[in-house]
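In: build me a model:
(one chain, ligands or ions: 2)
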Amino acid sequence: MENPSLPGLLLSFFTLLSVFNQVLGDEGFCSAPSILDQADTSSKPLYWKVTSPTLSPSHLQDLPGFTRSVYKRDHALITPESHVFSPLPDWENTLGAYLITPAMGSHFVMYLAKMQENSKSGLPPAGVERLIFVIQGAVTLTNSSGISNKLMVDSYAYLPPNFEHSLKCDGSTTLAIFERRYACLDNHITERIVGSTDKLPLLETPGEVFELRKLLPASMPYDFNIHIMDFQPGEFLNVKEVHYNQHGLLLLEGQGIYRLGDSWYSVQAGDVIWMAPFVPQWYAALGKTRSRYLLYKDVNRNPL
Ligand code: UGY
Ligand code: MN
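Out: Numbers count the residues shown, from 1 in each chain. Ligands and ions are numbered 1, 2, ... in the order given. From the prediction side, this is the model:
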């Protein structure tokens, strides 16, 4: 038999190599989803994961009927693949997904609002206060005397009960919104607040390692606050909390494990959690990047 020539040998080698690569390709039988695929997040806008969620591992993305969402008596995890959007009542050209409502037992609502060029907000019902936080895009907030503020990603506004205002935008925008019926106190009123997370000071967190900012003043007039909590990978809550306050949480960045009652959940940016009063709660941040969440908490009122 004739010996194969060198070019012939090389050709066979490269043919074999390319077949081997195809077999092992992106979804190869022995490959895990590559961390490198997710690594280049530096060029992406802040909070991009909230509106571009992925399921991990990726081979579960199209599994019929699969969701990580859970609804229980004292907590719920509502993950992006089960968000359902419909026109928001009283808003123009805006789709909303109510993710936490009194039907679950909460005394507040939390929803995502998706606006576009010709969208306009409606007002909350009488006596209801509102906090909006910009996740994607930008929105212009105008009050009845014509004063306007442009709110970019990471900015927020608090509107006291019965405060006339409207929100408009030039393009695709996503807002997280919290509303509750204001619990009045004699001789106290709340004021309109406009701000941005990066301008807020870090607050003391005795006994804890996470970084804390609060969107609203801690003073008596305010019956709730929104905390911004940052954890580096590997950091976790030291206190295994059980408390009278309710929570509504939106994970803005990162991933980790949330313990709620006796259940332990893998969570990632875009996930929403409802925590009823007294549900045991604990978080540990994992992965390669910072975890950041927005957290509604009722404060400054006697629970009686
Ligand atoms: O302030 C809080 O109650 C907060 N640390 N809870 C939480 O992160 N689940
Ligand atoms: Mn808590």
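In: C-alpha from now on. contacts and neighbour counts both.
Out: Will do.
In: so what's the closest residue to residue 102 other than its chain neighbours up against?
Out: Nearest residue to residue 102, sequence neighbours excluded (Cα to Cα, 6 or more residues apart in numbering): residue 108, at 6.4 Å. Taking Cα atoms under 8 Å, 6 or more residues apart in numbering, we find residue 108 in contact with 100-102, 178-181.
In: got it, and residue 245?
Out: 276-278, 297-299.
In: and what of residue 218?
Out: Applying Cα under 8 Å, 6+ apart, we find residue 218 in contact with residue 225.
In: what does residue 182 give?
Out: Under the criterion of Cα under 8 Å, 6+ apart, the contact list for residue 182 reads 127-129, 161, 223.
In: and what of residue 231?
Out: 209-211, 285, 290-292.
In: which among these end up buried?
Out: Buried members of these, scored by 16 or more other Cα atoms under 10 Å, are 210-211, 285, 290-292.
In: let me have the residues you listed in TSV, adding distance to residue 144 and secondary structure as columns.
Out: Putting these into TSV (distance: Cα to Cα, whole Å; DSSP: H, G, I helix; E, B strand; the rest coil) gives the following:
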residue	distance to residue 144	secondary structure
210	39	coil
211	36	strand
285	43	strand
290	39	coil
291	38	strand
292	34	strand
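In: among those, which pair sits farthest apart?
Out: Greatest spatial distance in the buried ones among the contacts of residue 231: 211 and 285, 12.6 Å, computed using Cα to Cα.
In: what segments of the stretch 201-304 of the chain are strands?
Out: According to DSSP state E, counting those that start in this stretch, the stretch 201-304 of the chain carries its strands in the segments 211-214, 224-231, 247-253, 255-260, 263-268, 272-275, 281-286, 291-298.
In: please identify the deepest-packed of those.
Out: Sort the strands of the stretch 201-304 of the chain by mean neighbour count, taking mean count of other Cα atoms under 10 Å, and strand 272-275 sits at the top with a mean of 26.
In: list the contacts of it.
Out: Residues outside strand 272-275 that contact it (Cα under 8 Å, 6+ apart) are 74-79, 99-100, 246-251, 260.
In: just curious, which of the residues you listed is nearest to residue 156?
Out: Nearest to residue 156 among the contacts of strand 272-275 is residue 250, at 14.4 Å by Cα to Cα.
In: quick one: which of the contacts of strand 272-275 is nearest to residue 150?
Out: For the contacts of strand 272-275, the residue nearest residue 150 by Cα to Cα is residue 250; the value is 22.6 Å.
In: for that closest one, list each beta-bridge partner.
Out: Note on residue 250: beta-bridge partners by DSSP bridges are residue 272, residue 294.
In: coming back round to it: redo the contacts of residue 245 as JSON lines? Include distance to residue 46 and pLDDT.
Out: Output for the contacts of residue 245, formatted as JSON lines (distance: Cα to Cα, whole Å; pLDDT from 0 to 100):
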{"residue": "276", "distance to residue 46": "29", "pLDDT": "98"}
{"residue": "277", "distance to residue 46": "31", "pLDDT": "98"}
{"residue": "278", "distance to residue 46": "32", "pLDDT": "98"}
{"residue": "297", "distance to residue 46": "24", "pLDDT": "98"}
{"residue": "298", "distance to residue 46": "27", "pLDDT": "98"}
{"residue": "299", "distance to residue 46": "29", "pLDDT": "98"}
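In: need these in a markdown table with distance to residue 231, can you?
Out: Putting the contacts of residue 245 into a markdown table (distance: Cα to Cα, whole Å) gives the following:
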| residue | distance to residue 231 |
| --- | --- |
| 276 | 23 |
| 277 | 23 |
| 278 | 23 |
| 297 | 18 |
| 298 | 22 |
| 299 | 23 |
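In: what's the closest of the residues you listed to residue 238?
Out: Distance to residue 238 across the contacts of residue 245 (Cα to Cα) is lowest for residue 278, with 16.8 Å.
In: low-scoring stretches of the chain, by residue?
Out: For the chain, the stretches with pLDDT under 70 are 1-41, 54-62.
In: if we go to 50?
Out: Applying pLDDT under 50 to the chain picks out residues 1-2, 4, 6-7, 9-39.
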